[in-house]
Each structure stands twice: as C-alpha cells, then as structure tokens.
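Q: Return atomic coordinates for the entry below.
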Amino acid sequence: MRVASTLFVLGLLGCTKAGSTSEPIGNPPPGAKMPPAPPAITIQMSSVTLAEDCGAAAVHPPAPDSTGQSERKRAPRAESEADSDERAKSQRRCEQTSMQLSLTGAPSGSPVQLGVKKVGLFDDKGTLIGELTSRDPSVWSATGAYVPWDQTVAPTKTLAVTYMLSAPNWSKVGNRWDRSYTLKAVLTVGGADRSVEREVRIESPAQLPADVET
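A: Here you go, the predicted structure:
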C-alpha cells in the first residue's frame, strides 16, 4: 500500500509538471517576428462601369460625387436640338469598363503605396466570368479633372481614384442585360492584401447601338 501511494503521488507530480511547460496552440515560437499590421487606410469601391474596352478612345468616368470636389450642380435648362444631337452621339460613344475607389489615408505615419493585384468579375450565381486587367490609375484633382496618379496615399488625405479595366468576356455570359454582377478587387496596400467589391446591375438600354453585341 505504501509503495502504491508513493507511485500515485509521483504520477500526479509528473502530470502537473508536464502541463505547466506546454504552450497554448497557435502561439508563435519565442523570438519569432510578427507580421506587420496592414496600414489603417479606408478603402471603398464607390462605383463600377461594366461595358467595353475603348482602347485609345477611352475616357474617364464622370466626376465622383463622394469627394466634395465633384462638378457643380447646375439648374436644369430646356434641351435644345443641338443638345439632343450631342446626347445621341454620346450614347453611341464607346463606354469604358472601369472601377472607382474612395480612399482615406491613415491618421498618421508615412505615405503608403497602393496597387491592384487582381480584379475578377462574377455573375449573380457567384461564378467567375473572368479576370480583368487594370491600367491608367488616375485621381480626381482640384482642377476638376482626372490626372495620372502614382498610387501613393498620404496620411489623412481623401482621394477619389479610377482604374480603367479590360472588357469582360461577354461571350461567356450570353445576354448581359438586366442582370447583377459583382466586381471583386484584391489590392496591395503597403505590402498587405486588401479586398473590396461592389455589386452592379446592368439594365438594358432603351435602344442598343448597332455595333454592340448582346
């Protein structure tokens, strides 16, 4: 009995010692470097245009409404015959696929470099239609126009930026009209990945231009 009691006490002491030296699951080993925290930049995909790729004829989207620097609101006026002709021409003009982002820099620190890593377009069932290529980063300036942008976001600064995108492969969709799509973008912000997305619905136009495929 005495031998058994001694062994039992030793067994308890052994269990206690083993438990006290174990480390919680998931903790990094001593001396390991923690990954840097992503910069505290606010990013929102403010709008999306899904259309064509106009190449050299591409134009920027209208002025952003979310920056406080958008075009001035003017009182409506009667549309003249010349205005009507100009509107008809603009409806036939190639419309560029693009995405617009609203950015606000971190409260403090150094300027942060931003880049587009990947852009994907998904249908209303979540199926990937294809990846789109981004180009021509531009920022809305105090002059009231988009200008080339070096993709740098300074602390506390609020920016409205746009990227032109390659056109979706509409042949994989069939009838593109009256359907909802989701554009998802993976951005690199100071070396860390950030994801943003926006749902957009394409309504069928009143009259399709003759050179547009359905």
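Q: So for R201, what's the pLDDT?
A: We have a pLDDT of 95 for R201.
Q: and the closest residue in space to it that isn't next to it in sequence, what does it touch?
A: Leaving aside its sequence neighbours, R201 sits nearest to S180 (C-beta to C-beta, 6 or more residues apart in numbering; 4.6 Å). Bear in mind the C-beta positions are built from the backbone N, C-alpha and C, glycine included. By C-beta atoms under 8 Å, 6 or more residues apart in numbering, the contact set of S180 is D124, E199, V200, R201.
Q: could these go into TSV alongside distance to A167 and secondary structure?
A: Listed next are those as TSV, based on distance: C-beta to C-beta, whole Å; DSSP: H, G, I helix; E, B strand; the rest coil:
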residue	distance to A167	secondary structure
D124	19	coil
E199	19	strand
V200	14	strand
R201	18	strand
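Q: Most neighbours of all those, which one?
A: V200 (16 neighbours; other C-beta atoms under 10 Å).
Q: Specify the beta-bridge partners of that residue.
A: Y181 (DSSP bridges).
Q: do the same with R194
A: L187.
Q: re the thing from before, biggest separation within the contacts of S180, which pair?
A: Greatest spatial distance in the contacts of S180: D124 and V200, 10.8 Å, computed using C-beta to C-beta.
Q: got any residues that touch both of those two?
A: S180, Y181.
Q: So which elements touch the strand or helix carrying A160?
A: Element membership of A160, judged by DSSP states H and E, is strand 158-165. Here strand 158-165 touches strand 98-104, strand 134-140, going by 3 or more C-beta pairs under 8 Å, 6 or more residues apart in numbering; DSSP states H and E.
Q: Can you tell me which of the ones you listed is most buried?
A: Ranked by mean neighbour count, the helices and strands packed on strand 158-165 are led by strand 98-104 with a mean of 22 (mean count of other C-beta atoms under 10 Å).
Q: and it, what does it pack onto?
A: strand 42-49, strand 158-165.
Q: and N175, which of these is closest to it?
A: That would be strand 42-49 among these, by C-beta to C-beta, at 18.8 Å.
Q: Now do that closest one against strand 98-104, angle only.
A: Comparing the axes of strand 42-49 and strand 98-104 via axes from the mean of the first three to the mean of the last three C-alpha atoms, to 10 degrees yields an angle of 160 degrees.
Q: List the neighbouring strands of strand 42-49 plus their orientation.
A: strand 98-104 (antiparallel).
Q: quick one, the strand it pairs with and strand 134-140 angle?
A: Going by the same axes, to 10 degrees, strand 98-104 makes 50 degrees with strand 134-140.
Q: residues in contact with the helix or strand following strand 98-104?
A: Using DSSP H and E, the helix or strand that follows strand 98-104 in sequence is strand 112-122. Contacts to strand 112-122, defined as C-beta under 8 Å, 6+ apart, come from residues 39, 41, 50, 99, 103, 105-106, 128-134, 137, 151-153, 163, 165, 168, 181-190, 193.
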